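Visitor: I'd like to go over a predicted model; first the sequence, then the structure.
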Amino acid sequence: MSNSQNSSRKKKSTLTHKPTKVSPSDDLDRSSWLSIGTLGFIALVVGYLNSTHVANLFENDRHFSHLSNLEREMTFRTEMGLYYSYFKTIVEADSISDGTYQLYRNNITEYPLVINTLKRFNLYPELFAGALYRSMDYFGLLKQQCWTVNRGENLGPVQSCEGSKDPPHFYINVVWVTAGMTTSLMFLLGYYLSGSIFGGLMPVVCFFYNHGECTRVMWTPPLRESFAFPICLAQILAVSITTRNIRPGWKNIMSISLTTTLFIICWQFAQFMLFTQTCGIFAIYILGVLPRDTMHTILVAQVIGLLNAVALMFGNEMLFTSWLFSCLLATLIITLPLDSVFNYLPTIPRIVTSVISFFGLTFLAKVTIAKAFLVQDDAHVFELLKSKFTDFKNFHTLLYTCAVEFDFLGWEMPMKTTQTLLIPCAVLATALFVHNYLQFVWKKFMNQETVEKIDPACFYNILQMCAYAVMAILIMRLKLFFTPHLCIISSLLASKKYVTVFKSREIHLAVLVGLVACMSLKGIGNIKEQRQIMGEYQNIGLEELIEWINQNLPKNAVLAGPMPTMANLLLSTGRPIVNHPHYEDVGVRERTKKVYTVFSRKIPSEVYKNLVNLKVEYLVLSAPWCLTTSRNGCALTEVWDNEEPELQQLGNKPVCPILWNKTPVPFVKIFQNSEYVVLRVTPKTLELVPPKTRGI
């Protein structure tokens, strides 16, 4: 009896001191040769490799170093141009405080409205990068070198600068640093889950071999995911560490809450990922793998992180009405006041009742809070999902579903990742874990004593991968969550706990080396294929449009037109715009729909009335958008035909080609080249002047 008590005390002592251990794995704690310095060095090396890799791919694709600053800005299309414009605002403002105020009280992004862009657009990465740029420039730490580039083909020479003092270069270098953090954190996650350095390197190797399916940072640097995804991985690492801790402390709460806050303020999509995380944490709790105190620590940290984000985003209503907030409420209700009630039930009924209550309360809270706050900003998400499973479609869902990245996943990604053995490795690792879990459940059911416990960190990460898989299947763009987590789960193949068929560690490692060699047959080819992508950016039509606007239109001229073009014009001309590509806000969706009546079959006078009501002074038309009236149901005219089929049945002609070719009054054509037309939206009382044309 005394021996048993002593043993119990020893175990208690071990658990009590577990949070203060340096190494994250019990096995590695006993390895004297391994240190945090070694892990840090490897993490830095793999981070540097990815950072330089994406920087080279970006340079090869656009020849960015030899472009003028105007051309560099033009490469940032759609949302990218919108986000970069706010970094430019911070850099060019009289002071950091003045630049921040221009973001806080902005009247040129949705003219004539004054909006808080920090609240609406998750612009803290630009605020941080802009403040860092100004601080480093103040201390003389930034340098640049400039030269003249002769472009030929009847194009004038341009000045091109390269170096850290050049704002576009500084900005993308910040992005490359965050890209490096992605592979560093994947290494640390793989190491933590597998308890092996080789397990940490496996996700990194898989990431490089499947690079095109894991990230698009090298093609679209300013997008929110470029900054937010490494923070997402850091948050998952913090949660994983906490799940293994029976008695979490303030360090666990701080690490989760801090990374949760940063993740939310950097990306509007973070709430959906964190919703799936809360579902996963709740699942491993009700299955008896995660202790109650540990689960509550994670939930409390998430709540703190969410509230911090709400404060930093000036009370953003979408966060209060998010699925994340609703499911946190549901989880706390089920595990606190209702827990004692559910504990009277047998195991299976208790699990079923808990799951039904969780989703029921989450849905009820979501609907109730959304109606209370009168928020409809995320209604398009439901409509998008509805359109995928029914014949429902409207103007907004068609704008999404006609973009390939919002389609179903398809077979290309699974095929490519199978050829590099990524999916087979992740499936095998998952199967080994499931086998281990079923053995545990069986022994528990048979009342057999078992020393081995189920690792909640691995369980959570596998559930997270499954959630990502569902998200990716529904929306192809979200494979950028799914594929990296496949890489992370493959690290379990290096774990001695799950791979028990080998007699020695040396044989196990030899087999893993052979596996990587097999991966390399296709993986190295993928890397070479990426490296062979060569290009040089040039868009003469857009450059002519921007230069003409800068020279001929007043600084306060109000523009409207296609969303991608508007982002570029806001960035490179500084003129107020009425609509933009950040489509998550219900108000912007309605404004854009009114502007896009120019692509419908309405009569010109009705289009004119919509534009005047929006205070539009100049309408910009793009040839591919305006003159293409049929494209497998995805031309904007066809989108409007779905919205207003009666106008098509009446035989009304699309209005945009009419405005382009034979501009009717009261519109006045004042600029035209091969790609763009600018129409003045003038009151009928104004004198009409002949149009100025260029490059017709």
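Guide: Okay, I see it.
Visitor: Please, where are all the helices along the stretch 551-696 of the chain?
Guide: Along the stretch 551-696 of the chain, counting by DSSP state H, counting those that start in this stretch, helices occupy 563-573, 586-595, 604-613, 623-627, 636-643, 645-649, 655-661.
Visitor: Deepest in the core, which of the ones you listed is it.
Guide: helix 563-573 (a mean of 23; mean count of other C-beta atoms under 10 Å). (Each C-beta comes from the backbone N, C-alpha and C, glycine too.)
Visitor: pLDDT below threshold where in the stretch 451-600 of the chain?
Guide: 451 (pLDDT under 70).
Visitor: Would you mind listing the buried residues in the helix or strand harbouring Y133?
Guide: Assigned by DSSP states H and E, Y133 falls within helix 124-138. In terms of neighbour count (16 or more other C-beta atoms under 10 Å), helix 124-138 has its buried residues at Y124, P125, E126, L127, A129, G130, Y133, R134.
Visitor: Specify which member of the residues you listed is nearest to V665.
Guide: Nearest to V665 among the buried residues of helix 124-138 is E126, at 42.0 Å by C-beta to C-beta.
Visitor: Leaving out sequence neighbours, find the closest residue to the closest one.
Guide: Excluding its sequence neighbours, the residue lying closest to E126 (C-beta to C-beta, 6 or more residues apart in numbering) is F87, at 4.1 Å.
Visitor: Packing partners of the helix or strand hosting the one you found?
Guide: In this structure, F87 sits in helix 78-92 according to DSSP H and E. Judged by 3 or more C-beta pairs under 8 Å, 6 or more residues apart in numbering; DSSP states H and E, helix 78-92 is in contact with helix 69-75, helix 96-104, helix 117-121, helix 124-138, helix 167-194, helix 563-573.
Visitor: which stretch among these comes nearest A429?
Guide: Proximity to A429 (C-beta to C-beta) singles out helix 167-194 among the helices and strands packed on helix 78-92, at 9.3 Å.
Visitor: The helix or strand following the closest one: how far from the chain's middle?
Guide: On the C-terminal side of helix 167-194, the nearest following helix or strand under DSSP H and E is helix 197-209. Relative to its chain's centre, helix 197-209 lies at 22 Å (C-alpha atoms, centre = their mean, to the nearest Å).
Visitor: so helix 197-209 versus helix 167-194, what angle?
Guide: For helix 197-209 against helix 167-194, the angle by axes from the mean of the first three to the mean of the last three C-alpha atoms, to 10 degrees is 140 degrees.
Visitor: At which residues are the helices of the stretch 401-550 of the chain located?
Guide: 412-419, 422-445, 456-474, 479-489, 505-531, 540-552.
Visitor: want to throw those helices into TSV with distance to E213?
Guide: Below are the helices of the stretch 401-550 of the chain laid out as TSV (distance: least, C-beta to C-beta, whole Å):
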stretch	distance to E213
helix 412-419	5
helix 422-445	8
helix 456-474	10
helix 479-489	5
helix 505-531	9
helix 540-552	30
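Visitor: closest one to P581 among those?
Guide: helix 540-552 (15.2 Å).
Visitor: So which bits of that closest one are buried?
Guide: L542, E543, E544, L545, I546, W548, I549.
Visitor: How about the contacts made by the fourth one?
Guide: If you count contacts by C-beta atoms under 8 Å, 6 or more residues apart in numbering, L545 has them with L569, V620, F671, N673, E675, Y676, V678.
Visitor: Quick one: residues contacting the residue nearest to E126.
Guide: E126, A129, G130, P167, Y171.
Visitor: since we're on T629, how many residues are nearby?
Guide: 17 (other C-beta atoms under 10 Å).
Visitor: I'd say it and P654 touch.
Guide: Yes - counting by C-beta atoms under 8 Å, P654 is a contact partner of T629 at 4.9 Å.
Visitor: Could you name every residue contacting both of these two?
Guide: T637.
Visitor: coming back round to it: output the buried residues of helix 540-552 as CSV; include the columns distance to F363.
Guide: Converted to CSV, the buried residues of helix 540-552 look like this (distance: C-beta to C-beta, whole Å):
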residue, distance to F363
L542, 46
E543, 50
E544, 52
L545, 48
I546, 48
W548, 52
I549, 48
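Visitor: Looking at those, which is nearest T109?
Guide: Among the buried residues of helix 540-552, and counting by C-beta to C-beta, the member closest to T109 is I549, at 16.7 Å.
Visitor: Could you export the helices and strands packed on helix 78-92 as a markdown table, including distance to V595?
Guide: Shown next, in a markdown table, are the helices and strands packed on helix 78-92 (distance: least, C-beta to C-beta, whole Å):
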| stretch | distance to V595 |
| --- | --- |
| helix 69-75 | 22 |
| helix 96-104 | 24 |
| helix 117-121 | 18 |
| helix 124-138 | 25 |
| helix 167-194 | 29 |
| helix 563-573 | 9 |
